[in-house]
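Q: Can you look at this prediction? I've put the sequence above it.
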Amino acid sequence: MVGIRDVARRAGVSPGAVSRVLNNDPTLSVAESTKERIYQAIKELNYDIDKRKYVKRRLPSIGVITTTSRQKELDDPYFNALRIGLEQEARRLHLGMNRVYNLEDNPKTWQDFDKLGAIIIVGTVSETAVRRLSEQNKNIIVVDNPEINQEVDMVYADFERMTKRVLQLFYEKGHRRIGYIGGFNIDIDEKGEKIYSDNEKRYRAYQEFMTANGLKKQAKLGLWEPLEGKRMMDEWLESEEELPTALLVGSDPLSVGVYRSLQSATISVGTEIEIASFDDIEIAEFLTPSLTTVHISAQEIAKAAVRLAKERIDGERQEPVIMTFPSKLVVRESFIPK
């Protein structure tokens, strides 16, 4: 009995190539002459396509573009949670997710994205890059970047509102010297080139709040890494500038570095300086004192992005959707609101 391997041998291709041609795989890129050889081999061998043991049902496929490296994705609990959420929901909805591009690892030009059902972008990819992607594939879902001014779906946590909420709680407790330590906004394009700016949503909200309340701004920006948190806090301690009595930190990993710096200087967190942060990663509960932080539902944000992708693929709608996920402050020992 003639099988798919016989067809592949006659056509001079792999069995996988034969299978993908017969299943009309939209992501397959082969020359028309190769397809002709396959169909000619089928004809010569009298291979009955309809009597194959099975016809593989191809899952609708989504591509994921993330601005972080794969290693950073594993090390950073927030981005790791996003990745887990994407994978879990894709499996639940029977969507393929076998094309993931980590731009820090493998910068690439945008091509062949028109063969995917949808594209999910995680992180701050540049406006130009999103526009180029949209020219190839209209089913774009952007995660965690509300700054994009394109007709695309967006899902993100409401960082600006929560930033102002925490600052208000500091203010209501009597703090007037309120500092901020955070990271730069980093846009990245398809070539992996980074554009740094201070137009980051938490920092922007901090500036607006301080201006509105007539308070002096005390802020430092760096990279989103624990050692950067320590470096920025060390600089503060070494300067002649008066320390804030309350400090908002842009992420829990940065807070780990801030804690280390303050503890080395024997400054008591929670009494001499109160601290609140963002992310609510596992380590926040086990710092001494435990860290008050804004809980971000990273996995739920990612799952929502996959559901939006499925709606696009199924043709349920064409209008863009914007989803803002609420966050909540998890109160622990480093800052207890009044």
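A: Nice, I can see it.

Q: going forward, measure contacts and count neighbours with C-alpha atoms only.
A: Fine.

Q: Could you chop this structure up by domain?
A: 4-51, 61-157+298-325, 159-296 (automatic domain parsing).

Q: Which one, of the ones you listed, ends up nearest to Ser334?
A: domain 159-296 (4.3 Å; CA to CA).

Q: measure the closest one end to end?
A: End-to-end distance of domain 159-296 (CA to CA, to the nearest Å): 9 Å.

Q: Please apply the same query to stretch 313-321.
A: 14 Å.

Q: Begin at 187 from now on, thanks
A: Okay, residue one is now 187; in that scheme the one you just asked about reads as stretch 499-507.

Q: so what's Pro506 up against?
A: By CA atoms under 8 Å, 6 or more residues apart in numbering, the residues touching Pro506 are 337-340.

Q: gap between it and Arg362?
A: To Arg362, Pro506 is 41 Å away according to CA to CA.

Q: Run through the residues that contact the most centrally placed residue in the chain.
A: With distances taken as CA atoms, centre = their mean, Val308 lies nearest the centre of the chain, 3.2 Å away. By CA under 8 Å, 6+ apart, the contact list for Val308 reads 250-253, 328-331.

Q: Swap in 6 Å and give it another go.
A: By CA atoms under 6 Å, 6 or more residues apart in numbering, the contact list for Val308 reads 252, 329.

Q: show me where the stretch 287-436 of the chain has strands.
A: Using DSSP state E, counting those that start in this stretch, the strands found in the stretch 287-436 of the chain span residues 304-308, 326-329, 339-343, 364-369, 371-374, 380-383, 404-408, 432-435.

Q: For the third one, which outside residues touch it?
A: Spelled out, it's strand 339-343. Residues from elsewhere that reach strand 339-343 (CA under 6 Å, 6+ apart): 327-330, 506-511.

Q: What residues of stretch 469-480 count as buried?
A: 470-471, 475-480 (16 or more other CA atoms under 10 Å).

Q: Go through those and flag which are in strands.
A: Per DSSP state E, strands hold the following members of the buried residues of stretch 469-480: 478-480.

Q: from those residues, which is closest to Asp344?
A: Closest to Asp344, out of all of those and judged by CA to CA, is Val480, at 10.7 Å.
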